[in-house]
Structures are given as structure tokens and as C-alpha cells.
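**Q** model the structure of this input:
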Amino acid sequence: MITFNDLSLSPKVRDAVLEVGYETPTPIQEKAIPPALKGRDILGIAQTGTGKTASFTLPMITTLSQGRARARMPRSLVLCPTRELAAQVAESFNTYAKYVRLAKGLLIGGVSFKEQDTLIDKGVDVLIATPGRLLDHFERGKLILSDVKILVVDEADRMLDMGFMPDVERIFQLTPFTRQTLFFSATLAPEIEHITNTFLSNPVRVEVTRQATTSDKIKQFVIIAKTSNQMTIDKEKRSLLRKIVKKEGNDCVNAIVFCNRKSSVNIVARSMKKHGYNAEAIHGDLSQEERTDTLNKFRDGQLTLLVASDVAARGLDIPQVSHVFNFDVPINPEDYIHRIGRTGRAGRTGKAMMLCTEREKNKIKAIESLIQMKIPQVKMFFENSNETNSDANSGHSRNWHQSNDQKKTNFKKEETEKKSKQNHFQTFNQETMLPSFITKSFEERQNNHL
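**A** Just a heads-up that it's a prediction; the model follows:
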């Protein structure tokens with residue numbers, strides 16, 4: 001078994017890692033650190049929660065421990081899609097560079113330019129930034145990028161989703177051609193592949209899991225929420241969410257609830273608080289101070305439910321998240337991977353539940369096509385429904401306990417044979433902790449329609 005002692009890191013970096021309690025590298029760290037220390041470009045394809053942040057911070061600290069930065073001329077750049085992710089990367093550098101003299105800077109929105117200008121003027125070895133704020137400083141003449149030796153792009157797929165790729169391309173063009181590039185993405189869309197082909201030089205490709213896969217540690221399922229009144233669907237979904245959280249009981253230590261719209265984030269958070277749940281909202285319209293305070297409460301266990309937009313929650317590194325609830329089916333299938341990646345981290349198990357209306361079923365098919373796996377489904381009825389209840393049948397219950405490999409095999413078989421055009425409905429046994437009074441077997445419902 002390879003340990004950090006075998007990765008040629010500097011003794012000071014290695015000591016800092018061991019102090020945190022890590023002895024063996026994760027697969028992406030084991031594969032990415034050695035070529036990164038040799039100066040090779042890296043193309044890393046990895047899900048969140050795989051330890052990819054340390055796979056670039058550790059070799060960077062070792063490499064940059066020699067030399068000093070000059071005023072307004074950073075020696076390295078780390079580009080992140082969101083303020084929260086940038087702040088977490090900065091924390092990682094603080095942790096692992098505690099015995100190395102490195103000047104670090106953080107350029108994100110919500111902080112005054114004056115404070116950041118003062119930091120840049122002193123000279124920084126590592127500059128961590130969101131693309132827009134970095135270019136703001138550059139265009140004001142406060143940054144010179146001609147001395148950048150290492151450029152890191154973290155979560156490039158999210159950069160693409162947020163429309164940052166033109167900014168990223170420009171930053172590539174502003175930095176020296178001789179720089180080392182460490183490029184990380186959970187998925188490799190054609191647009192991202194074009195960037196890597198253009199700006200990376202013979203990179204070492206490090207892929208620790210197949211593209212667009214979900215962790216085997218996460219139990220996933222879709223709840224098909226049925227109602228006869230489309231005008232009240234969101235209200236009824238909020239009621240259903242509360243019932244599920246309540247039924248999960250002590251198993252739900254804490255959870256992130258994802259919504260597609262910022263307005264929905266606020267409404268869902270207020271609804272949960274009104275009904276006695278310890279919940280707060282986080283989205284891009286909040287100030288940086290408010291967002292940081294909310295995240296710290298969630299991380300420290302003072303907050304149980306974090307209701308979030310995709311942008312605000314991207315890159316959160318909180319290993320203890322037990323559940324992820326998708327209040328809305330994500331608009332982009334790739335976002336499903338990133339959302340549920342907030343749970344089942346650091347070797348822990350997690351549970352991901354997604355509420356889906358009849359109108360959103362096509363989005364589920366797109367997600368299943370991306371991850372090449374059939375997500376178990378259960379059809380649930382709101383309290384005002386006239387439907388009666390029944391227990392799960394044993395065949396459907398067994399399907400829930402299948403491994404992800406089995407589910408992927410079944411998915412491929414269904415796609416090949418094209419046998420079933422009808423949605424797969426599943427009710428769950430007691431282990432899933434779902435409200436039994438709103439479940440109904442597929443067979444009985446089918447008979448009622450005859």
C-alpha cells in the first residue's frame with residue numbers, strides 16, 4: 001500500500017498531512033501527485049469527494065516552497081467557479097502549508113477591492129480566485145500574470161455551466177505558455193475537451209472513476225410526486241419533503257436541499273423553519289458574510305438543513321452530510337452528479353432523494369442516460385389524494401438492495417432490448433424510512449385504472 005511517504009512530497013508538507021490524520025493517498029492523489037511534482041500537465045477527471053483538492057495543493061506547495069513572489073506578480077493561480085469553493089481551497093492551502101512560508105491571496109466577490117489590492121501589492125505565491133474577480137483586478141492594472149508558473153482550473157465543468165469558459169480561455173492566454181497546468185473536472189464535455197486540447201501540453205490523464213458516474217456509497221431513488229392540482233404542486237412538494245425528513249428521523253443527521261431557483265430556495269427554507277425545522281437558505285444573492293456564516297453553522301452542526309442553489313453549494317466539502325434532497329429535478333443532468341456528491345464523502349454512506357413531478361419524468365431519463373444506471377422510483381400520493389395505501393411488494397423491495405453495478409447492468413439490458421416504455425415504480429420496505437401511508441403498489445393502481 002502506497003503512503004504519503006512514497007510520493008516525494010517535501011518533509012514539511014508530509015508532516016502537515018500526517019498531522020491532519022491522513023496516511024494513505026486517495027486514488028486521484030496517488031495518480032496525480034507524482035507527475036505533477038515532475039512538472040507535467042494534469043487532466044484530472046474525478047468526482048467531488050475524491051480528494052482532488054489535495055492532489056493539486058500538495059505538489060504545488062512542494063514546488064513553490066523554493067522562491068518568492070514579487071509585488072502584483074503571483075507565482076501560481078487557482079481558478080474556482082464559486083466563492084465558497086475558492087474559500088475552501090484557501091483553507092486547504094492553510095492546512096497543508098502550515099510549515100512552509102507561502103503567501104496566499106483570495107480574490108472573490110463580496111470583498112472590497114481595496115483589501116485585495118493591498119494583499120496583491122505585497123506579492124503572493126498562490127492566488128486563489130474566481131475568474132471574473134481575477135480579470136477585474138487585471139483590467140484595473142493591479143495584476144501582472146507573466147510570472148505564473150502553475151495554473152489550476154478546478155471544477156471546469158461547473159465553469160462551463162456558469163458561462164465562465166470565455167474568461168478561463170482569456171486567463172490561459174494571459175499566462176506564460178511555459179506554465180504547468182493542472183486541470184480538473186467531474187465530467188469531460190466536448191467544450192471542455194476543446195480547452196484541454198488547446199491549452200494543455202501532453203497532459204497526464206488521471207481518471208479515478210468512469211466519467212459521469214455516481215458514488216457506490218450513495219443510495220439513490222426518485223420519488224414521483226403525484227397530485228391532481230398542478231396549481232398547488234410546489235406547496236404539496238414542500239409538505240412531502242417535511243414528511244420524508246420527519247420519517248427519516250435520527251438517520252437524517254443533516255441534509256442539503258437543492259432547488260433550481262433562488263426564489264424557491266427562500267420559500268422552501270422559510271417553510272421548513274415555519275414548521276419547526278432548523279433550516280437556512282444559501283444562494284448567490286446573499287452577501288459573502290451571510291453565506292460564510294450560514295456555511296460555518298452547517299459545518300459546525302448548528303444548522304440541520306441547508307437549502308441551497310447549485311451555485312452556492314458547489315464544492316462544499318462537509319464529510320458528515322447524511323442526506324441530499326433534490327426538491328427540484330436539476331435542469332442539467334450533470335448537476336445531479338454534483339448535487340448528490342455532497343453526501344457519501346470520505347468513505348461514508350449517504351442517501352439521495354429526488355422529488356419529481358409527472359412533468360419532470362423526461363429529465364429523469366436524461367439523468368439515467370448520463371450515469372448509465374436506472375434510479376429506483378417510488379410513486380407517492382399527497383394526503384388529499386383518494387388513493388388507498390398498500391405495502392411494497394417483495395420484488396420491488398429487492399430492487400432497492402441491488403448494487404450499483406447490478407442497476408447499471410439492468411439499465412443496459414433495458415436499453416438494448418427496448419422492452420419497457422412504462423416507468424419503473426418502486427415502493428420501499430421499512431429500511432428506506434419512507435411514509436407508508438402515501439405509498440401504493442403498482443399492481444393495485446393499475447387495476448384501479450382498468
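
**Q** for the stretch 1-150 of the chain, just list every one of the strands.
**A** For the stretch 1-150 of the chain, the strands defined by DSSP state E, counting those that start in this stretch cover 42-45, 76-79, 104-107, 126-129, 150-153.

**Q** for residue 115, find the nearest of those strands.
**A** With CB to CB, the closest approach to residue 115 among the strands of the stretch 1-150 of the chain belongs to strand 104-107: 10.0 Å. In this view, the C-beta of every residue, glycine as well, is placed from N, C-alpha and C.

**Q** now residue 14. Nearest residue, chain neighbours left out?
**A** Among residues not flanking residue 14 along the chain, residue 4 sits closest, at 5.5 Å (CB to CB, 6 or more residues apart in numbering).

**Q** which stretches of the stretch 1-150 of the chain aren't confidently modelled?
**A** For the stretch 1-150 of the chain, the stretches with pLDDT under 70 are 48-49.

**Q** can you pull out the helices in it?
**A** Along the stretch 1-150 of the chain, counting by DSSP state H, counting those that start in this stretch, helices occupy 11-20, 27-37, 52-64, 83-96, 113-122, 131-139.

**Q** now the first one against helix 83-96, angle please.
**A** Read it as helix 11-20. Comparing the axes of helix 11-20 and helix 83-96 via axes from the mean of the first three to the mean of the last three CA atoms, to 10 degrees yields an angle of 110 degrees.

**Q** which regions of the stretch 301-450 of the chain lie under the pLDDT threshold?
**A** The stretch 301-450 of the chain contains residues with pLDDT under 70 at 311-316, 346, 380-450.

**Q** circling back: mind checking which of the strands of the stretch 1-150 of the chain is nearest residue 290?
**A** That would be strand 104-107 among the strands of the stretch 1-150 of the chain, by CB to CB, at 17.5 Å.

**Q** partner strands of that closest one and their direction?
**A** Sheet pairing of strand 104-107 (DSSP bridges) gives strand 126-129 (parallel).

**Q** list the contacts of the partner strand.
**A** 60, 64, 74-80, 86, 89-90, 93, 102-108, 120, 134 (CB atoms under 8 Å, 6 or more residues apart in numbering).

**Q** please pick the buried ones from those.
**A** The neighbour-count criterion (16 or more other CB atoms under 10 Å) marks 60, 64, 74-80, 86, 89-90, 93, 102-108, 120, 134 among the contacts of strand 126-129 as buried.

**Q** and residue 46, what does it touch?
**A** Counted by CB under 8 Å, 6+ apart, residue 46 has contacts 28, 52, 55, 184, 186, 206, 207, 208, 209.

**Q** got the contact list for stretch 258-270?
**A** 234, 238, 241, 257, 279-285, 305, 307-310, 313, 324-328, 330-331, 339.

**Q** how about 6 Å then?
**A** Under the criterion CB atoms under 6 Å, 6 or more residues apart in numbering, residues 279, 281, 283, 285, 307, 308, 309, 326, 327, 328, 331, 339 lie in contact with stretch 258-270.

**Q** which residues touch the fifth one?
**A** Counting by CB under 6 Å, 6+ apart, residue 307 touches 257, 265, 268, 269, 279, 281.

**Q** how near is the closest residue to residue 360 other than its chain neighbours to residue 33?
**A** The shortest distance from residue 360 to any residue other than its chain neighbours is 4.4 Å, reached at residue 329 (CB to CB, 6+ apart). Distance from residue 329 to residue 33, counting by CB to CB, to the nearest Å: 37 Å.

**Q** please apply the same query to residue 114.
**A** As judged by CB to CB, residue 114 and residue 33 stand 37 Å apart.

**Q** go through the top helix by length along the chain and flag the buried ones.
**A** If you go by DSSP state H, the chain has its longest helix at helix 233-248. Residues of helix 233-248 classed as buried: 233-234, 236-245, 248 (neighbour count, 16+ other CB under 10 Å).

**Q** how far does it sit from its chain's centre?
**A** 23 Å (CA atoms, centre = their mean, to the nearest Å).

**Q** so what secondary structure elements neighbour that helix?
**A** Under the contact criterion of 3 or more CB pairs under 6 Å, 6 or more residues apart in numbering; DSSP states H and E, helix 233-248 touches no helix or strand at all.

**Q** let me know the next secondary structure element after it.
**A** strand 255-258 (DSSP states H and E).

**Q** give the pairing partners of that following strand; include direction for each.
**A** In the sheet, strand 255-258 lines up against strand 305-308 (parallel), strand 323-326 (parallel) (DSSP bridges).

**Q** mean confidence score for the longest helix of the chain?
**A** Average pLDDT, helix 233-248: 90.

**Q** got it, and stretch 162-179?
**A** Rounded mean pLDDT across stretch 162-179 is 94.

**Q** buried ones in it, by neighbour count?
**A** When burial is assessed from 16+ other CB under 10 Å, stretch 162-179 yields the following buried residues: 162, 164, 165, 167, 168, 171, 172, 174, 175, 179.

**Q** residue 181 belongs to a strand?
**A** Yes - membership of residue 181 in a strand is supported by DSSP: H, G, I helix; E, B strand; the rest coil.

**Q** one step back: more crowded one of residue 114 and residue 33?
**A** Comparing residue 114 with residue 33 by other CB atoms under 10 Å, the one with more neighbours is residue 33, at 24 against 8.

**Q** in this structure the more buried one contacts residue 6, no?
**A** No - counting by CB atoms under 6 Å, residue 33 does not reach residue 6; the two are 9.9 Å apart.

**Q** identify the contacts common to those two.
**A** Shared contacts of residue 33 and residue 6, defined by CB under 6 Å, 6+ apart, are absent.

**Q** now do the contacts for residue 357.
**A** Contacts for residue 357 were tallied using CB under 6 Å, 6+ apart; they are 225, 233.

**Q** separation between it and residue 349?
**A** To residue 349, residue 357 is 28 Å away according to CB to CB.

**Q** if we can go back for a sec, distance to residue 219 added to the helices of the stretch 1-150 of the chain, as CSV?
**A** Below are the helices of the stretch 1-150 of the chain laid out as CSV (distance: least, CB to CB, whole Å):
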stretch, distance to residue 219
helix 11-20, 29
helix 27-37, 22
helix 52-64, 23
helix 83-96, 26
helix 113-122, 43
helix 131-139, 36
